[in-house]
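>>> The sequence and its predicted three-dimensional model are supplied below.
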Amino acid sequence: MQNQDDQLKIWQFLPASLLFFLAGGAGLFYTITETVPQIGPRWLFFFCLVITVAGLMTVPIFFLHKRFPSTPAVDALPILREAVFVGVFIAGLVWLQIGRMLSPSLGLILAIALILAEFVIRLWERSTWKPR
């Protein structure tokens with residue numbers, strides 16, 4: 001059980017979240033306005049999209065973990081990993097939509113797969129023995 005001093009604070013995430021959001025947003029803006037859709041700029045677009053969404057989702061995911069605490073309490077790594085998972089999910093949806101293959105059922109299957117992957121990772125983290 002963590003005491004009050006060990007709990008995560010929102011100010012610990014704000015610099016990284018803001019940096020990711022601004023850098024990814026600037027990259028997205030540059031990619032969309034100044035490049036043609038060839039293979040290199042397309043990969044840059046997806047990379048910047050993941051970074052932007054991860055930066056944008058870090059704070060809401062932090063507040064979700066504060067609102068619905070777990071035992072043991074999460075540290076910084078799962079919060080950042082879940083933000084990156086959301087970024088990968090959104091980039092995957094955009095990639096499928098570019099190819100005109102996205103459907104609501106496929107989006108739901110991808111969401112369930114990422115939620116299940118996070119559940120398994122959290123279960124594995126909780127089950128490993130950590131001597132104190």
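Looks like it came in fine. Numbering: from 1, shown residues only.
>>> In contact with residue 7, which residues?
For residue 7, the contacting residues are residue 73, by CB atoms under 8 Å, 6 or more residues apart in numbering. (Glycine included, C-beta is placed from N, CA and C.)
>>> which SS class is it?
Put simply, residue 7 is coil when judged by DSSP: H, G, I helix; E, B strand; the rest coil.
>>> shouldn't residue 80 be in contact with residue 58?
Yes: when contacts are counted by CB atoms under 8 Å, residue 80 is listed as touching residue 58 (6.7 Å).
>>> So if I had to pick from the two, which one is more boxed in?
For residue 80 versus residue 58, neighbours defined as other CB atoms under 10 Å are more numerous around residue 58 (26 against 19).
>>> Give me the mean pLDDT for stretch 15-22.
Taken as a whole, stretch 15-22 has a mean pLDDT of 95.
>>> And the helices in the protein, which stretches?
Taking DSSP state H as the test, the helices found in the chain are 14-34, 39-67, 76-98, 104-127.
>>> Take these and lay them out in a markdown table including distance to residue 8.
As requested, these are arranged in a markdown table below (distance: least, CB to CB, whole Å):
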| stretch | distance to residue 8 |
| --- | --- |
| helix 14-34 | 12 |
| helix 39-67 | 7 |
| helix 76-98 | 6 |
| helix 104-127 | 16 |
